[in-house]
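A.B. asks: what follows is a predicted protein model with its sequence.
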Amino acid sequence: MNRIRRDRASIGIFGVNLPHRMNPWVPWCWSFFLPGYGHVLGGKFITGWLLIGWEVFINTKSHLNTAIVYSFTGQFDKAKQVLDNHWIVLYVPVFVYTLFGSYQNAVHNSNLYDLADREDAPVKPMTLNSFEINSLDKRSPWLAALWSLLIPGLGQIYNRKLVSSVMALTWYIVFANQAHLPQALHATMTGQFTQAIRMTNPEWLLFIPSLYGFAFYDAYVTTVHYNRLFEKEQSKFLREQYQTNLQTLSFRTAGGMQKVKRVKVVATFDHTIYLEKALIGLEDLGIHRSDIYAIPLHRTPASSRTYDSLHTSDGQSTLDGIALLAALLSALGVIYGYVLAWGPVLWGLIGFVAGGLLGWMAKLIWRRRTVRKATTSNTEVVLVVDCTDSLALSVERTLSDNFAFGIATLSVDNETGANVPADGRA
């Protein structure tokens, strides 16, 4: 037996970690926003969160964010006065390294993914102890992203990335408290814009746009990667457990003196936990595994999508440009909000929404120009059940109760040998 050299994923009570393909310029850009984000995207959580802590410490000591606000608003003399050159000297080398390191890690990650995928290493889909349960299943990428829009870290809790969720929530509380965000938000919502400008601290407020954008993006792409991992793990399980007797897929009869009519019940599913519940239900009816055939389908290269969902995640249709533009324009909104009438809080929100819309429109235009439209279904697994005619209705009911997309029952015409619907059921 060949020893597996590269694991496909590691599932623990604190989260799931796995190599995956990514455009190396995406973590590079997130590292530019705030050193450490790119490493977190690449699965180096300890390194990433340590770098984020380093960034916050050096940034606040050097007053870099305040200097950025003054520089972008044309107050260059104030920017020179506020910037502490002793601390900024320590900032530059590590900042440059995070750009290089996040890019290199993304390339290495993609190579590891290809090698692990080729080995088709097994994945244990569940782990538990006295404190926590963690298992693979399919979840909605958009729901994860929306939770992160409420408060950074909630999307990570939805994905069961406990360490990342604690870190994101902790930093958000620190940033919001030091920037006086709750008070400024209340003043903004009541129309007291001048007071909102005065009470905010730009040194800390400028951290928040990138944190929101990153938490939004990370929650989304993490869900996509987890969904893909679930599909691969379940496909391997189905191939090993329900394709052991493929040579008997032709129709047959059974019995002694009196022949028993047999039928084929065909159903289609997507990769969900309900598919496995359906398989268990079929075995409870007395159907042997050798009479159940599960056939996972391969995706076609043309089925690239503008968005991912619970049922379809191609791993390419992520929020790369959308989240980056949202974070960038939100940061610019905060900066120029200090010299505009509505204040940094409102302009930061406007920038976030505007950046997201611009990124979305750019993505739609790019897709329309480079990818031909393809109509695809949600079918990911075809299930064929060989059973007696008397069990057919029970089999259909079991499949239907577990959310099969479609069901057809076929029998054989003994005179012609043709496959026909059994008793009109299809």
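C.D. replies: Structure received. Numbers count the residues shown, from 1 in each chain.

A.B. asks: any buried residues in the helix or strand hosting residue 218, and which?
C.D. replies: Using DSSP states H and E, residue 218 sits within helix 207-241. Residues 207-238 are the ones in helix 207-241 that count as buried (16 or more other Cβ atoms under 10 Å). The way it works is simple: take the backbone N, C-alpha and C, and place the C-beta from them, glycine included.

A.B. asks: by contact count, what packs against the helix or strand that that helix is followed by?
C.D. replies: Beyond helix 207-241 on the C-terminal side, the first helix or strand identified by DSSP H and E is strand 262-269. Packing partners of strand 262-269 (3 or more Cβ pairs under 8 Å, 6 or more residues apart in numbering; DSSP states H and E): helix 273-284, strand 381-388, helix 392-401, strand 406-412.

A.B. asks: would you mark the buried spots in the helix or strand where residue 92 lies?
C.D. replies: Using DSSP H and E, residue 92 sits within helix 85-119. By neighbour count on 16+ other Cβ under 10 Å, the buried set for helix 85-119 is 87-88, 91, 95, 98-99, 101-103, 105-106, 109-110, 112-113, 116.

A.B. asks: nearest to residue 138, out of the helices and strands packed on strand 262-269?
C.D. replies: helix 273-284 (7.8 Å; Cβ to Cβ).

A.B. asks: can I get that closest one as PDB, trimmed to CA atoms?
C.D. replies: Taking C-alpha atoms only, helix 273-284 is exported to PDB below (Å, rounded to 0.1, in the frame of the first residue of the first chain):
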ATOM      1  CA  ILE A 273     -25.200  15.100   3.700                       C
ATOM      2  CA  TYR A 274     -28.700  14.100   2.600                       C
ATOM      3  CA  LEU A 275     -27.200  11.900  -0.200                       C
ATOM      4  CA  GLU A 276     -25.400   9.800   2.500                       C
ATOM      5  CA  LYS A 277     -28.700   9.700   4.500                       C
ATOM      6  CA  ALA A 278     -30.400   8.400   1.400                       C
ATOM      7  CA  LEU A 279     -27.800   5.600   1.000                       C
ATOM      8  CA  ILE A 280     -28.300   4.600   4.700                       C
ATOM      9  CA  GLY A 281     -32.100   4.600   4.100                       C
ATOM     10  CA  LEU A 282     -31.800   2.300   1.100                       C
ATOM     11  CA  GLU A 283     -29.700  -0.200   3.100                       C
ATOM     12  CA  ASP A 284     -32.300  -0.100   5.800                       C
END
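
A.B. asks: tell me the contacts of residue 125?
C.D. replies: 11, 135, 136, 230, 233, 234 (Cβ atoms under 8 Å, 6 or more residues apart in numbering).

A.B. asks: now the residues you listed as TSV including distance to residue 287 and pLDDT?
C.D. replies: TSV is the format used below for the contacts of residue 125 (distance: Cβ to Cβ, whole Å; pLDDT from 0 to 100):
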residue	distance to residue 287	pLDDT
11	31	90
135	26	88
136	26	87
230	25	91
233	24	89
234	20	88
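
A.B. asks: picking up where we left off before, who does the helix holding residue 92 touch, helix- and strand-wise?
C.D. replies: helix 25-33, helix 37-41, helix 45-62.

A.B. asks: hmm, who's touching the longest one?
C.D. replies: Contacts of helix 45-62 with the rest of the structure, by Cβ under 8 Å, 6+ apart, involve 17, 34-42, 64-65, 83-88, 90-91, 94-95, 98, 163-164, 167, 171, 174, 203-204, 207.

A.B. asks: now stretch 276-293: buried residues?
C.D. replies: Residues 276, 278, 279, 281, 282, 287, 291, 292, 293 are the ones in stretch 276-293 that count as buried (16+ other Cβ under 10 Å).

A.B. asks: centre of the chain to stretch 94-103, how far?
C.D. replies: Distance of stretch 94-103 from the chain centroid (Cα atoms, centre = their mean, to the nearest Å) equals 24 Å.

A.B. asks: please report how far the residue nearest to residue 131 when sequence neighbours are not counted lies from residue 40.
C.D. replies: Spatially, and ignoring its direct neighbours in sequence, residue 131 is nearest to residue 13 (6.7 Å; Cβ to Cβ, 6 or more residues apart in numbering). Distance from residue 13 to residue 40, counting by Cβ to Cβ, to the nearest Å: 19 Å.

A.B. asks: ok, and the closest non-adjacent residue to residue 394?
C.D. replies: In space, residue 394 is closest to residue 285, 5.6 Å off (Cβ to Cβ, 6+ apart).

A.B. asks: quick check, pLDDT for the residue positioned nearest the centre of the chain.
C.D. replies: The residue lying closest to the centre of the chain (Cα atoms, centre = their mean) is residue 223, at 2.3 Å. Note on residue 223: pLDDT of 92.

A.B. asks: for residue 205, same thing?
C.D. replies: In this prediction residue 205 is given a pLDDT of 91.

A.B. asks: doesn't residue 177 make contact with it?
C.D. replies: No: Residue 205 is not in contact with residue 177 according to Cβ atoms under 8 Å; the separation is 11.3 Å.

A.B. asks: which ones are touching the residue nearest to residue 131?
C.D. replies: Residues near residue 13 by Cβ under 8 Å, 6+ apart: 127, 128, 129, 131, 132, 133, 134, 162.

A.B. asks: if we can go back for a sec, so which of the helices and strands packed on helix 85-119 gets nearest residue 341?
C.D. replies: Of all the helices and strands packed on helix 85-119, helix 25-33 sits nearest to residue 341, with 26.8 Å by Cβ to Cβ.

A.B. asks: for the stretch 1-150 of the chain, which spans come out with low pLDDT?
C.D. replies: The stretch 1-150 of the chain contains residues with pLDDT under 70 at 1-2.

A.B. asks: break this protein down into its domains, please.
C.D. replies: 10-235+304-370, 242-297+379-424 (automatic domain parsing).

A.B. asks: will you turn those domains into a markdown table that also has distance to residue 4?
C.D. replies: What follows is those, written out as a markdown table (distance: least, Cβ to Cβ, whole Å):
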| stretch | distance to residue 4 |
| --- | --- |
| domain 10-235+304-370 | 4 |
| domain 242-297+379-424 | 20 |
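
A.B. asks: check those domains for me and report the most buried one.
C.D. replies: Highest mean neighbour count of the domains of the chain: domain 10-235+304-370, a mean of 19 (counted as mean count of other Cβ atoms under 10 Å).
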